[in-house]
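Asker: Structure of the sequence below:
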Amino acid sequence: MATSNSVNKPLISVLATVFKGMPLLPRTVQAIQAQTYDHWELIIVDDHSEDDSMAYLKSIQHEKIKVFVNPDKGRGTALNYGLTQCKGKYIAINDADDVSVPERFALQVAFLEQNLEYGLVGANFIKIFPDGKLDYSDKDTQNELLRKKLSLHSCIQHSTVMVKSELMEKIGRYNLNIKFMYDRDMYIRIAAISKIANLSEHLVYINQHENQFFLNTYKGWLRFTYQIRYSNIAISLLHLPVSLYFINTYIIAKHYLKTYIKMKVSKYIKQGNK
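Answerer: Numbering: from 1, shown residues only. So this is what the prediction gives:
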C-alpha cells in the first residue's frame, strides 16, 4: 500500500536479474529496502540459478518485491522479460550482487524530474575487489562528453542506471541480436534520442569479478570485434566526427593486445612457479 509520502512521487521499478546470486543477493535486496525514496517496486528475474537463489527469493515476504523466472534463458531475455513486468515511470537497474547506497534513488529521481530533457542518468560507483580493496570511479558527467565516450567504451556503469520507461519502450528494450554489450548498445540508442548524464556522487558498490573474456581466446577476440563495431555504430547514430573511428580502432586494438600479452605472461609465470 502506498504511504501518504509516496502518493505524489513517481514510481521506480527496480530491475534485478539473478544467476547464481548467493550469497550476495540478500544484501542487495536489503539495500533496496533501505532506500530513502520509498515509492519503488523491485522486479527480480531469476535466470535459472543453480544455487540457493530461488530458495531465498521464495522466502521474501514483501508487497513491493515481485519474483519471476525467466521464461527463456540468458541475461538479455531476463532483462527484457523483467521490463514487461515493470510499472514505474523510471527503471532503475541494480545487478544482483551490487549494493545501492540509501540515497541513490532519491538523487536520481530528483535529477530526472528537474531536468526533463534527460532520459537516462547513471552515477559514479565504488568497486569492491576480492581482496577488499576499494576503487572509486571518476566518470564524466556531462552529456556531450558521454556521447563521445560511447564511441570508445561503455562510460556508464549498468548497475547505476536509471532510465525513463517510455524511452526503453521507444527503443525496443535490450537488443537480443547481440552477444555482448547489451548496456552500451542501449546507451547509444537512448543517447540518440535524449540527453544522458552521470551523477558525480558514488551511489553503488560494485562487486568486481575477474574478467573471464581473455581466458578464452575466441571470446576475447569476438568481444574485440564488437568493440570496433560499436565504435562505428556510436559515431553514426550520434553524429560524431568520423575521425574518431580511426582513433578508437587504434586505442581499442592497443588495449586488447596489451591485455592479451599480460594474460600470456601471467600464465607463463604461473607455470614456471609450479
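Asker: For I188, which non-adjacent residue is spatially closest?
Answerer: If the residues on either side of it in the chain are set aside, I188 comes closest to A234, at 5.0 Å by C-beta to C-beta, 6 or more residues apart in numbering. Placement of C-beta: from N, CA and C, glycine included.
Asker: does the one you found count as helix, strand or coil?
Answerer: Following DSSP: H, G, I helix; E, B strand; the rest coil, we place A234 in the helix state.
Asker: And I43, how far from K89?
Answerer: I43 is 14 Å from K89, where distance means C-beta to C-beta, to the nearest Å.
Asker: Correction: the previous question concerned P102.
Answerer: Taking C-beta to C-beta, one finds P102 at 21 Å from K89.
Asker: The two - which one has more neighbours?
Answerer: Between P102 and K89, counted using other C-beta atoms under 10 Å, K89 has the larger neighbour count: 17 against 14.
Asker: Next one, pLDDT for the more buried one please.
Answerer: On the pLDDT scale, K89 is placed at 98.
Asker: Show me where the stretch 151-274 of the chain has its strands.
Answerer: 162-164, 195-207 (DSSP state E, counting those that start in this stretch).
Asker: Pretty sure V45 sits against Y81.
Answerer: Yes. Taking C-beta atoms under 8 Å as the definition, V45 is a contact partner of Y81 at 5.8 Å.
Asker: Please enumerate the shared neighbours of these two.
Answerer: The contact sets of V45 and Y81 overlap at F68, N70 (C-beta atoms under 8 Å, 6 or more residues apart in numbering).
Asker: can you give me the helices for the stretch 1-150 of the chain?
Answerer: For the stretch 1-150 of the chain, applying DSSP state H, counting those that start in this stretch gives helices covering 25-33, 53-59, 75-85, 104-114, 143-149.
Asker: what angle separates the fourth one from helix 25-33?
Answerer: To tie it back to what came earlier, the one meant is helix 104-114. When axes from the mean of the first three to the mean of the last three C-alpha atoms, to 10 degrees is applied, the directions of helix 104-114 and helix 25-33 differ by 50 degrees.
Asker: With just CA atoms, put helix 104-114 into PDB.
Answerer: Extracted C-alpha coordinates of helix 104-114, given in PDB (Å, rounded to 0.1, in the frame of the first residue of the first chain):
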ATOM      1  CA  ARG A 104      20.600   6.600  -4.700                       C
ATOM      2  CA  PHE A 105      17.000   6.600  -5.900                       C
ATOM      3  CA  ALA A 106      16.200  10.000  -4.300                       C
ATOM      4  CA  LEU A 107      19.100  11.700  -6.000                       C
ATOM      5  CA  GLN A 108      18.500  10.100  -9.500                       C
ATOM      6  CA  VAL A 109      14.700  10.800  -9.500                       C
ATOM      7  CA  ALA A 110      15.300  14.400  -8.400                       C
ATOM      8  CA  PHE A 111      17.800  14.800 -11.300                       C
ATOM      9  CA  LEU A 112      15.400  13.400 -13.900                       C
ATOM     10  CA  GLU A 113      12.400  15.300 -12.600                       C
ATOM     11  CA  GLN A 114      14.300  18.600 -12.600                       C
END
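Asker: Just want the angle from it to strand 195-207.
Answerer: On the basis of the same axes, to 10 degrees, helix 104-114 is oriented at 180 degrees to strand 195-207.
Asker: The first one too?
Answerer: With the same axes, to 10 degrees applied, the angle from helix 25-33 to strand 195-207 works out at 140 degrees.
Asker: what's in contact with helix 25-33?
Answerer: Residues outside helix 25-33 that contact it (C-beta under 8 Å, 6+ apart): 14, 16, 18, 21, 40, 42, 44, 53, 56-57, 60, 62, 65, 94-102.
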